[in-house]
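> structure for the following, please:
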Amino acid sequence: MTIEEFCRHLDNKLSEAGEQQACFDVITSMVGQAFRAATDEVAIFAVDGQSQMVSFLLPQKLRRAGKLPLSSHNALVVKTITENRPSLDNSFSSTPHVFVFEHFKLAVDSPPQPIQKIMSAPIVVDEHVAGVIQISRKGTTAESAGADFSASQLSALVCVSAAIAPHLSKLQ
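Modelled structure (predicted):
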């Protein structure tokens, strides 16, 4: 299946999924499988232009964890929003970043692990960045986190973000 076919399939599944939880399930399942990421390694953020804040939509356990101001200089999500361009960092654990959210326990059976590698892409709605999708690889070391992300995977993530864009309002 090509990335274009996958994105059409994702769009169709999100259209069929009426309620918010069903949309979350589609995204975490399909996008997670496509990028070989665990459900807690798929993140979606929403931008509130009025309050100038960014908040988690996924993972759902981080929805109440707090918000980031758009003035946060070390936050990759903010950089993705302000620059309106995707990025890839296979040495993320050594890059200065906001890591407070990495300390939240998302799985019952395992301790929180640091993000080692990450891809980030803006979700554009009506020519404005309305959200961000990120795929990460977590682990105690870069090696244990899995394979590096590639430029072609980053391009695929941009396609995925476009498929999610028409459905972003259902996720909020």
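> any weak-confidence spans in this protein?
94-112 (pLDDT under 70).
> mind listing the helices for it?
Per DSSP state H, the chain carries helices over the ranges 3-16, 20-34, 76-83, 142-145, 151-164, 168-171.
> is it possible to get JSON lines of those helices that adds distance to residue 93?
For glycine as for every other residue, the C-beta is placed from the backbone atoms N, C-alpha and C. Formatted as JSON lines, these follow (distance: least, CB to CB, whole Å):
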{"stretch": "helix 3-16", "distance to residue 93": "28"}
{"stretch": "helix 20-34", "distance to residue 93": "21"}
{"stretch": "helix 76-83", "distance to residue 93": "12"}
{"stretch": "helix 142-145", "distance to residue 93": "7"}
{"stretch": "helix 151-164", "distance to residue 93": "18"}
{"stretch": "helix 168-171", "distance to residue 93": "28"}
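> how about CSV for those helices, with mean neighbour count and distance to residue 130 added?
Formatted as CSV, the entries for the helices of the chain read as follows, by neighbours: other CB atoms under 10 Å; distance: least, CB to CB, whole Å:
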stretch, mean neighbour count, distance to residue 130
helix 3-16, 15, 15
helix 20-34, 17, 15
helix 76-83, 20, 9
helix 142-145, 15, 29
helix 151-164, 19, 10
helix 168-171, 16, 6
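> if I look at residue 128, how far off is residue 168?
Per CB to CB, to the nearest Å, residue 128 is found 11 Å from residue 168.
> my bad, residue 66
Taking CB to CB, one finds residue 66 at 20 Å from residue 168.
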